[in-house]
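Visitor: Predicted coordinates and the sequence they were generated for:
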Amino acid sequence: MVNLLVFVLSDRNQCRDIVDAWEAAGISGITILESTGLGRRQTGIRDDVPLMPSLSDLLANRELHHRTLFSIIEDEATLERVIAATERVIGDFTRHHTGLLFVVPVTRVLGSRSGAI
């Protein structure tokens, strides 16, 4: 079965390690997006920054960004290898702010490189 694996990575500094681990696990078509979650965004955005902010104002107003990675995976064995590789990089998903990983079945793909899906 073809699946879409989506992983929202909390620590964007681990993105390169995740991509390397996914490639080593057998996938090469990975899309990476910058993303912000609403819960963490509300704690990272201030509305009291002046019209002409100083450097300290800008640094105090840093938003919390994540990386969202996704890939279409054509077989169950590769999917399991990628999930295991992800856990080796980030550790236990039950720890706070590690990330969110989910898998969605895919019934149709248009624009795939292989065209076989």
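Guide: Great, that's in hand.

Visitor: can we go C-alpha only for contacts and neighbour counts from here?
Guide: OK.

Visitor: for residue 5, which residues make a bridge with it?
Guide: On the basis of DSSP bridges, residue 5 is bridged to residue 71, residue 103.

Visitor: That one reaches residue 101, doesn't it?
Guide: Yes - counting by Cα atoms under 8 Å, residue 101 is a contact partner of residue 5 at 7.3 Å.

Visitor: Which residues are in contact with each of the two?
Guide: Common contact partners of residue 5 and residue 101 (Cα atoms under 8 Å, 6 or more residues apart in numbering): none.

Visitor: looking at this structure, which helix or strand is least sure?
Guide: Using mean pLDDT, DSSP states H and E, the weakest-scoring helix or strand in the chain turns out to be helix 55-60, at a mean of 53.

Visitor: can you give me the strands in the protein?
Guide: All strands of the chain, identified by DSSP state E, fall at 3-9, 31-35, 66-73, 99-105.

Visitor: rewinding a little: please identify which of residue 5 and residue 101 sits among more neighbours.
Guide: Each of residue 5 and residue 101 had its neighbours counted (other Cα atoms under 10 Å), and the higher figure belongs to residue 5 (20 against 17).

Visitor: what's the single longest helix in the chain?
Guide: Identified as the longest helix of the chain according to DSSP state H is helix 76-90.

Visitor: Give the rounded mean pLDDT of that one.
Guide: Helix 76-90 shows an average pLDDT of 97 in the prediction.

Visitor: Run through the neighbouring helices and strands of that helix.
Guide: Judged by 3 or more Cα pairs under 8 Å, 6 or more residues apart in numbering; DSSP states H and E, the packing partners of helix 76-90 are helix 15-24.

Visitor: buried set for the helix it packs on?
Guide: Of the residues in helix 15-24, 15, 18, 19, 21, 22 count as buried by neighbour count, 16 or more other Cα atoms under 10 Å.

Visitor: now swap in stretch 22-33 and tell me
Guide: When burial is assessed from 16+ other Cα under 10 Å, stretch 22-33 yields the following buried residues: 22, 25, 27.

Visitor: Not counting sequence-adjacent ones, nearest residue to the first one?
Guide: When you say that, I think you mean residue 22. Leaving aside its sequence neighbours, residue 22 sits nearest to residue 82 (Cα to Cα, 6 or more residues apart in numbering; 5.5 Å).
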